[in-house]
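*Asks:* the sequence and its predicted three-dimensional model are supplied below.
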Amino acid sequence: MQITERRIGQSIILDLTGELSYANRTTFKAAVERSKQGGCRHLILNMQGVRFLDSSALGTLALLAKSFLATQGMVSLLNPQSYVKEIVTLANLHQILPVYTSEQDALAGSRLPAAG
């Protein structure tokens, strides 16, 4: 899995490429932790390049969303491929992870309380 990070205001976009699975969970969690340590309040996971995710990835995404919510932040998914979007929907993760089709919509979709 390849992960690149882009910061836009209080949001960080992680562009993910490859498979999000148990085998590369450590790499993914490390990138997320760096984002949190950097003060990220809205993490956007660009899933356009993710062709597969397994059950461990679903669990990781659910825990990640809850972790950000606990600190008054949020996690969003951007451009998941149809297979990934279907899995996320079947697992009901779209209830806690908003799914967007454009980066602009994802950035505008952040309804975070003011920091302070």
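*Replies:* Sure, I can see it. Residues are numbered from 1 along each chain as shown.
*Asks:* quick check: the closest residue to Ser11 other than its chain neighbours vs Leu78, distance?
*Replies:* Of all residues not flanking Ser11 in the chain, His42 sits nearest, at 4.1 Å (C-beta to C-beta, 6 or more residues apart in numbering). C-beta coordinates here come from the backbone N, C-alpha and C atoms, glycine included. Remark: distance between His42 and Leu78 (C-beta to C-beta, to the nearest Å) = 11 Å.
*Asks:* same question, Ser35
*Replies:* Remark: distance between Ser35 and Leu78 (C-beta to C-beta) = 14 Å.
*Asks:* got it, and Gln95?
*Replies:* On the measure of C-beta to C-beta, Gln95 and Leu78 end up 17 Å apart.
*Asks:* the more surrounded of these two?
*Replies:* Leu78 (23 against 11; other C-beta atoms under 10 Å).
*Asks:* can you tell me the SS state at Ala23?
*Replies:* helix (DSSP: H, G, I helix; E, B strand; the rest coil).
*Asks:* got the contact list for the top strand by length along the chain?
*Replies:* Longest strand in the chain by number of residues (criterion: DSSP state E): strand 42-53. For strand 42-53, contacts defined as C-beta atoms under 8 Å, 6 or more residues apart in numbering pick out 2, 10-21, 32, 35-36, 61, 64, 68, 73-81, 83-84, 87, 100, 103, 106-107, 110, 112.
*Asks:* out of those, which end up buried?
*Replies:* Buried positions within the contacts of strand 42-53, assessed by neighbour count (16 or more other C-beta atoms under 10 Å), are 11-16, 20-21, 32, 35-36, 61, 64, 68, 73-80, 84, 87, 100, 103, 106-107, 110.
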